[in-house]
Structure formats: C-alpha cells, structure tokens
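>>> let me see the structure of the following:
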Amino acid sequence: MKKILATVLLLLCAAAMYAQEQPASDSAAVEKPKYWNTSLLTQLGFSQVSLIDWAAGGFGSVSLNSYLDFKANYAKKKSIWENRAQFGYGFIQNMGEGFKKSDDRIIIDSKYGYKAAEKLYFSVIYNFRTQFTTGYKDKKGSPIVSNFFSPAYTSLGFGISYTPSPNLSINFAPLTSNLVIVQDADLRSLYGNAPDQYVRYELGAQVKVDASVKIEDFKANTTLTLFSDYLNKPLNIKVNWDVNITAQLTKFLGVTLRTYLIYDDTIKHIDKLDAAGNPVIGEDGKVVKIPGVQFKEISGLSFTYTF
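Predicted coordinates:
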C-alpha cells in the first residue's frame, strides 16, 4: 500500500512540475508588428443624355470618368518606403461631335527615406507619367497631340524629405535627372524634343510637396511639383499641380473634384497671334506655337469606395 501511495505521489509531483514548465497559451502571444499599410480608392462617374425630336435642339451624349488611386506604404525602424499609383480615364461621346477624351493619365510615384533626424529623412524619389491612348486636338479625326509614351516623363531625384506631420511632406532633391520620352516622331517638336530625339535628358533641382486633410467624410489631397532644369533656362520653373477632393454623401456615393495644372515652357501647344488676332506663320509655313498654362477640371457625382 505504501509503495502504491508513493508511486501516486511521485506521478502527481511530476505532473505538477510538467504543468509549470508549459509555455503561455497562444492567446497571450504578442502580435507581430505591421510594417505595410495599403489602400485603394475607386471612383466611377457616368452620365447619359438622349434627345428625340427635341424642338430646342441639342445632341445626345454619353460620358464616363474613372479613377483609381492605390497606395502601399512601408515603415520599419528608420526606413520608410511610400508608393502610389494613379490611373484615370474618361471620355465624352457626343452624338453630334463624336468621341472626345476627357481624362487619361498614368502616374507612378515612389519614395524611399532613411531617418537622419527628427522629421528629416535622406530620400530617393521616383516619378513616372504618361497616358493610355491617343489624344486628339479637338475630337477623333483631328490632329493627334498625344499617345502612349508620347510623351512619357520619368525622373529620379536624390535629396532630403521633411515630414512635420503625417499629412504634410516636403521633398527637396537638388540632384534630379529627368527623361522626356516621345515615341511618335511627329509629336516630338510639340514636347521640346528634336525630330530625331526619342529621349531628351534634363538635369536639375526639384521640390515636391504632398499634403492631405480628412474631416469626417471630407477628404482632400494635393501634390505640387516644381522643377528647374540646370541645362536649359533654369529660371523657367516647370509646374505640375494636382488636387483631388471627395465629399462622401453615402457609403458608395460621393461628390468628386479633380484639378490638374501644368506649365512647361518646352511644351508649345498654343497658336501665336499677332496684334490683330491672326495666327503668326513661321518660316516653315506653319503656325508658330508658344507655351502656356494647361488646366483641367473634372467634377461630378460618382460611385466612390475605399478599400
């Protein structure tokens, strides 16, 4: 009997010691840190007008505007890596005047930063811009003024980035290389390239400001890019300024406003006029073209959802 009791006590002690040595349950495990933060904004707007024997006149039309804004940001210790891709396309099909493109853009941005001090990063910044399809001066059938990779812009800059708050970033890249690519030989002179120049090289300084604000269902973000070309008229600053505003009305319905402003003195797209308002003809027999401010505004009621 004593041997049996001793054996039982020995087994109980062994079981107790084994239980004390077991690791904590899975519920107490520490959650792995999350380094990536991603989001996708989708917007789709559509309108249609149909007229049958309308006494006041007019034309039927169909229009569509679509926009995707994808972000993927990484942060770990002293390193940050911010990526953004924007895709926009829109058109108006007017039954009386034909097809017109209202929006067409591909924009890819990437920035890597390594923390040097509080709110200050050494940075490398990359940008690429082009469009999907052929663009016409007025409507389909009129002279072509753009195409895929005609033009395309790609830039790489080295500098510093100042981030005083999560909603504001200022990047200064005193060493920025920029390539202007025009695949279509007929369009090269329009964008500042020589007739046989597939790629034009620029070297300069760039300042880029990204800002955003969110108040309940109201969101706005803007990007301003200023570039000075050391190799060609550095005082002629090139400007790209985008603004995106969304006011959410319901879960899926929102009012959107997007504006784009561009000034580039190498893009000569406006007819030069004399004092009487007549086009000036150059030595080649063609109308002389001059640069000017380009502005586009797209607004409307659209299906809007953020993943």
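>>> span of stretch 142-158 from start to end?
Distance across stretch 142-158, first residue to last, is 41 Å (CA to CA, to the nearest Å).
>>> residues in contact with it?
104, 123-137, 171, 173-184, 186-187, 190-191, 206, 227, 269 (CB atoms under 8 Å, 6 or more residues apart in numbering). Every residue, glycine included, has its C-beta placed from N, CA and C.
>>> partners of the helix or strand harbouring A247, with directions?
Using DSSP states H and E, A247 falls within strand 238-248. Sheet pairing of strand 238-248 (DSSP bridges) gives strand 218-229 (antiparallel), strand 253-263 (antiparallel).
>>> ok, then the element right after the last one?
On the C-terminal side of strand 253-263, the nearest following helix or strand under DSSP H and E is strand 270-271.
>>> which other residues reach that following strand?
With CB under 8 Å, 6+ apart as the criterion, strand 270-271 contacts P279, V280, V287, V288, K289, I290, P291, G292.
>>> just give the strands next to it in its sheet, each with its orientation.
Partners of strand 270-271 in its sheet, by DSSP bridges: strand 289-290 (antiparallel).
>>> can you give the contact residues for whichever helix or strand comes after the partner strand?
Next helix or strand after strand 289-290 toward the C-terminus (DSSP H and E): strand 294-306. For strand 294-306, the external contacting residues (CB under 8 Å, 6+ apart) are 39-45, 47, 65, 90, 102-103, 246, 248, 251-263, 267, 269.
>>> what subset of those is buried?
Listed as buried from the contacts of strand 294-306 are 41, 43, 45, 65, 90, 103, 246, 248, 254-256, 258, 260, 262-263, 267; burial here means 16 or more other CB atoms under 10 Å.
>>> nearest to L231 among these?
Closest approach to L231 among the buried ones among the contacts of strand 294-306 (CB to CB): I267, at 17.0 Å.
>>> please look at the closest one and Y191 and confirm they touch.
Yes: with contact defined as CB atoms under 8 Å, I267 counts as touching Y191 (5.6 Å).
>>> show me where the protein has helices.
Along the chain, the stretches classed as helices by DSSP state H are 2-20.
>>> which stretches of it have low pLDDT?
Flagging of the chain using pLDDT under 70 yields the residue ranges 1-29, 53, 56.
>>> again, only this time at 80
1-31, 49-59, 95-98, 138-141 (pLDDT under 80).
>>> now for the longest strand belonging to it, which elements pack on it?
Looking across the chain with DSSP state E, the single longest strand is strand 98-117. Contacts defined by 3 or more CB pairs under 8 Å, 6 or more residues apart in numbering; DSSP states H and E place strand 98-117 against strand 61-76, strand 79-94, strand 120-130, strand 135-136, strand 152-165, strand 294-306.
>>> adding distance to L51, write those out as TSV.
Formatted as TSV, these follow (distance: least, CB to CB, whole Å):
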stretch	distance to L51
strand 61-76	9
strand 79-94	11
strand 120-130	37
strand 135-136	25
strand 152-165	40
strand 294-306	20
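>>> which of these sits closest to K219?
strand 294-306 (8.7 Å).
>>> each with direction, which strands does that closest one pair with?
Strand 294-306 has these strand partners (DSSP bridges): strand 36-49 (antiparallel), strand 253-263 (antiparallel).
>>> let's have those strands in TSV, adding distance to L273.
As requested, those are exported to TSV (distance: least, CB to CB, whole Å):
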stretch	distance to L273
strand 36-49	35
strand 253-263	19
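>>> so which of those strands is nearest Y162?
Here strand 36-49 is closest among the strands paired with strand 294-306 (CB to CB), at 20.6 Å.
>>> got the angle for the closest one vs strand 79-94?
10 degrees (axes from the mean of the first three to the mean of the last three CA atoms, to 10 degrees).
>>> what residues does strand 36-49 touch?
So strand 36-49 is contacted by 58-75, 90, 246, 254, 256, 300-307 (CB under 8 Å, 6+ apart).
>>> one more time with 7 Å
60-74, 256, 300-307 (CB atoms under 7 Å, 6 or more residues apart in numbering).
>>> with only the CA atoms kept, save it in CSV.
Taking Å, rounded to 0.1, in the frame of the first residue of the first chain, the C-alpha atoms of strand 36-49 are listed here in CSV:
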residue,chain,number,x,y,z
TRP,A,36,2.8,47.7,-44.6
ASN,A,37,-0.2,49.9,-44.9
THR,A,38,-2.2,49.8,-48.2
SER,A,39,-5.3,51.4,-49.6
LEU,A,40,-7.3,51.6,-52.9
LEU,A,41,-9.6,54.4,-53.8
THR,A,42,-12.0,53.8,-56.7
GLN,A,43,-14.2,56.4,-58.4
LEU,A,44,-16.6,55.9,-61.3
GLY,A,45,-18.9,58.5,-62.7
PHE,A,46,-21.4,58.1,-65.6
SER,A,47,-23.9,60.3,-67.4
GLN,A,48,-26.2,59.9,-70.4
VAL,A,49,-28.4,62.3,-72.4
